[in-house]
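Peer 1: Coordinates only, no sequence provided:
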């Protein structure tokens, strides 16, 4: 990082189909001047999330990303200088810094972060990933001791934590992931009771065998065919926590939704509920205390996938959408 | 009705495609002898419901209907004789009598009914239709004063009551129904704020115009394309009460589900929840008291569609599936 240059990665074109390196460009911009109420940030770690790709489709819970602007993304950053009360040089914050070395961001859009080691945990277990897993599973999925919990994208940042929390809560836990290695890791390292390899085909049969008492909670990160396979296996009064729809993000819009909606929702009295982690921020302190206790006691293992260099951010996101990562992927800027 | 003969309508074959008269047969059976714990019933009114057709697909919240048995269906009946404690000749009950003049039914599967005039109200406003509308709207949809409520199959037995209760609760109410006459009836007679004719095409545009502030509660009786049209119009934190999927019952199984599931559920934080009226029976007295108060004060209009003659039951169900009825359809046996 050159101290006088602000490297920035622009989204030069919104992808119509699959996201590729040609949709991004690395440029050198100026280090911005913070305005009143803003802080100048030096970005340390950039979070990579499937949602980054979803933002390109249009406005969701945030406004759409526009072409020829710095690619949006959450990051951990240090305050270099501040024109905002309550923030001072040296403070650590989380916010939408974008994919760049430096950013000037209004203080009201920043969250102060404690200085912990390793700092990367602020993006994984104590960040959006950990909190999404915690609130989505416990507040939406509401698993009870002895119930069966299934989670998709189970080797990813959120899924790997969901399954471990479900084990802590006394559930029979089944992870769905792509490839034998990931599946072996889920059962041998993270304590999942079973893992289903969706690349192996016959997902419905494999799921039925892995969840012989049916599914009480399905934590859905992917939508599409895997959601469709889970629906007939849901038990009466089952809960589906709708966290994401990764299968739908990268490529052409889906031609159809999952069969069984709404017929199976009616006869099984299911609840399908979407959520965004920001909606639960009032309960953040309790969540962080639980996550910290589980992590320090070794009940919860934190898996991180840290890649060096801002210039590698596009490739890292493209790989994440293809399922290359294990645990929380991020860029060390 | 000949006092010595028990006319019965059998389902002779389960339909692979559309239900037709050829799937039924009228026969004369014997009047059954009640066993211990059973009551002999004389059926007075048979309820016709889209769910009758859904039961033919396989086990749902009840076991599947089998071919060459008396067609299942709920009815209001008088006790002729009883071998069950707590039931005596002359009592009025509701239960799954099937499509026949007489039935012997275990008392534990019967619900005692008060003697009110008109007796038909026990199948409409004070029966499954009224209670389904009441609980589905208020306990699942949870509408608040000023919110927008949309209901499909709005001229049907449940939908016509849902919309009126939503008006009582101070909502902006939009009904979706088939045909100009039904739509006019919803707005001019039942007090709906707007009605959308799904036979007119362009359902999404019409809905958007009828619900300019978006949809907070969608009471879904039909699934399919209409559910798909509602999803993008849902407001954040909206609720979809999944009551039925009429569009999927009569004919070949649907090739696909609604697009937008689960993507829009996530970003809008929607709740889609299925329910069955039986799950709420502990709160029945309060519901009946409310429905009675609204009906007697004229705030809630009861629409019934009574057809004479057991022999007309198949035709009446086939017509109901095609949307011929207005309000609660039933057979006077």
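Peer 2: Okay, I see it. What you are looking at is a predicted structure, and each value in this text was computed from that prediction instead of being measured.
Peer 1: separation between the closest residue to chain B within chain A and residue A:331?
Peer 2: Closest residue of chain A to chain B, C-beta to the nearest C-beta: residue A:256 (3.0 Å). Every residue, glycine included, has its C-beta placed from N, CA and C. Distance of residue A:256 to residue A:331, computed by C-beta to C-beta, to the nearest Å: 35 Å.
Peer 1: Also residue A:221?
Peer 2: Here residue A:221 is placed at a distance of 21 Å from residue A:331 (C-beta to C-beta).
Peer 1: related to what we said a few turns ago, tell me which of residue A:256 and residue A:331 has more neighbours.
Peer 2: Comparing residue A:256 with residue A:331 by neighbour count (other C-beta atoms under 10 Å in any protein chain shown), the higher total belongs to residue A:331, at 26 against 15.
Peer 1: Now do the phi/psi pair for the more buried one.
Peer 2: Torsion angles at residue A:331 (phi, psi; degrees, to the nearest 10) stand at phi -110, psi 130.
Peer 1: out of everything not next to it in sequence, what's closest to it?
Peer 2: Once flanking residues are discounted, residue A:331 sits nearest to residue A:46: 4.3 Å by C-beta to C-beta, 6 or more residues apart in numbering or on different chains.
Peer 1: And for residue A:269?
Peer 2: With C-beta to C-beta, 6+ apart as the criterion, residue A:269 has its nearest non-adjacent residue at 4.8 Å, and that residue is residue B:274.
Peer 1: beta partners of the one you found?
Peer 2: Here residue B:274 sits in beta bridges with residue B:242, going by DSSP bridges.
Peer 1: any idea how far residue B:245 is from it?
Peer 2: Relative to residue B:245, residue B:274 is positioned 10 Å away (C-beta to C-beta).
Peer 1: what sits in contact with each of those two?
Peer 2: A:262, A:266 (C-beta atoms under 8 Å, 6 or more residues apart in numbering or on different chains).
Peer 1: count of neighbours near the residue nearest to residue A:331?
Peer 2: That count, for residue A:46 with other C-beta under 10 Å as the rule, works out to 28.
Peer 1: do the one 4 residues further on as well
Peer 2: Around residue A:50 there are 23 other residues, counting by other C-beta under 10 Å.
Peer 1: mind listing what it touches?
Peer 2: Listed by C-beta under 8 Å, 6+ apart, the contact set of residue A:50 reads A:153, A:156, A:221, A:244, A:246, A:249, A:320-321.
Peer 1: Could you list the domains of chain A?
Peer 2: Residue ranges for the domains of chain A, per automatic domain parsing: A:6-117+A:304-332, A:128-278.
Peer 1: Quick one: closest of the ones you listed to residue B:129.
Peer 2: domain A:128-278 (15.7 Å; C-beta to C-beta).
Peer 1: measure that closest one end to end?
Peer 2: From its first residue to its last, domain A:128-278 covers 9 Å (C-alpha to C-alpha, to the nearest Å).
Peer 1: thinking again about what came up before, the residue nearest to residue A:331 and residue A:96 touch, don't they?
Peer 2: No. Contact status for residue A:46 versus residue A:96: not in contact, 10.4 Å apart, counting by C-beta atoms under 8 Å.
Peer 1: what do those two both touch?
Peer 2: Contact criterion C-beta under 8 Å, 6+ apart; residues shared by residue A:46 and residue A:96: A:73-75.
Peer 1: Adding secondary structure and pLDDT, write the residues you listed out as a markdown table.
Peer 2: Formatted as a markdown table, the shared contacts of residue A:46 and residue A:96 follow (DSSP: H, G, I helix; E, B strand; the rest coil; pLDDT from 0 to 100):
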| residue | secondary structure | pLDDT |
| --- | --- | --- |
| A:73 | coil | 97 |
| A:74 | strand | 97 |
| A:75 | strand | 98 |
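Peer 1: and those residues as a markdown table, adding neighbour count and distance to residue B:190?
Peer 2: Output for these, formatted as a markdown table (neighbours: other C-beta atoms under 10 Å in any protein chain shown; distance: C-beta to C-beta, whole Å):
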| residue | neighbour count | distance to residue B:190 |
| --- | --- | --- |
| A:73 | 24 | 51 |
| A:74 | 22 | 50 |
| A:75 | 25 | 55 |
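Peer 1: Name the residues of chain A found near chain B, please.
Peer 2: Residues of chain A found near chain B (C-beta under 8 Å from any C-beta of the partner chain) are A:54, A:60-61, A:220, A:223, A:227-228, A:240, A:242-245, A:248, A:253-276, A:279.
Peer 1: Can you select the buried ones from those residues in ChimeraX?
Peer 2: To isolate the buried ones among the residues of chain A next to chain B in ChimeraX, judged by 16 or more other C-beta atoms under 10 Å in any protein chain shown, type:
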select /A:54,60,61,220,223,227,228,240,242,243,244,245,248,254,257,258,259,260,261,262,263,264,265,266,267,268,269,270,271,272,273,274,275,276
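Peer 1: which stretches of the stretch 151-300 of chain A form helices?
Peer 2: A:157-168, A:180-188, A:203-210, A:224-230, A:263-267, A:284-296 (DSSP state H, counting those that start in this stretch).
Peer 1: ok, and which of these has the densest surroundings?
Peer 2: Mean neighbour count (mean count of other C-beta atoms under 10 Å in any protein chain shown) peaks for helix A:157-168 among those, with a mean of 27.
Peer 1: So which elements touch that helix?
Peer 2: helix A:128-135, strand A:148-152, strand A:172-177, strand A:215-220, helix A:284-296 (3 or more C-beta pairs under 8 Å, 6 or more residues apart in numbering or on different chains; DSSP states H and E).
Peer 1: Switch those over to JSON lines; also include mean pLDDT.
Peer 2: Shown next, in JSON lines, are the helices and strands packed on helix A:157-168 (pLDDT from 0 to 100):
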{"stretch": "helix A:128-135", "mean pLDDT": "98"}
{"stretch": "strand A:148-152", "mean pLDDT": "98"}
{"stretch": "strand A:172-177", "mean pLDDT": "98"}
{"stretch": "strand A:215-220", "mean pLDDT": "98"}
{"stretch": "helix A:284-296", "mean pLDDT": "97"}
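Peer 1: what residues does stretch A:118-129 touch?
Peer 2: A:44-45, A:47, A:49, A:74-76, A:92, A:94, A:113-114, A:116, A:130, A:157-158, A:161, A:277, A:288, A:291-292, A:295, A:300, A:302-304, A:306, A:327-328, A:330.
Peer 1: 7 Å instead?
Peer 2: Applying C-beta atoms under 7 Å, 6 or more residues apart in numbering or on different chains, the contact partners of stretch A:118-129 are A:44-45, A:47, A:74, A:76, A:94, A:113, A:116, A:130, A:157-158, A:161, A:277, A:288, A:291, A:295, A:302, A:304, A:306, A:327-328, A:330.
Peer 1: What residues of that stretch count as buried?
Peer 2: Quick answer for stretch A:118-129 (16+ other C-beta under 10 Å): A:120-129.
Peer 1: Ok, stretch A:311-323 next?
Peer 2: Neighbour-count burial for stretch A:311-323 [16+ other C-beta under 10 Å]: A:313-321, A:323.
Peer 1: Pick the one among those closest to residue A:216.
Peer 2: Within those, proximity to residue A:216 (C-beta to C-beta) peaks at residue A:323, which comes in at 26.1 Å.
Peer 1: was I right about the closest one contacting residue A:177?
Peer 2: No. Residue A:323 is beyond contact range of residue A:177, at 8.1 Å (criterion: C-beta atoms under 7 Å).
Peer 1: Check the contact between residue A:249 and residue A:54; I expect there is one.
Peer 2: Yes. The pair residue A:249 and residue A:54 qualifies as a contact (C-beta under 7 Å) at a distance of 4.8 Å.
Peer 1: End to end on stretch A:243-251, go ahead and measure it.
Peer 2: Across stretch A:243-251, first to last residue, C-alpha to C-alpha, it's 19 Å.
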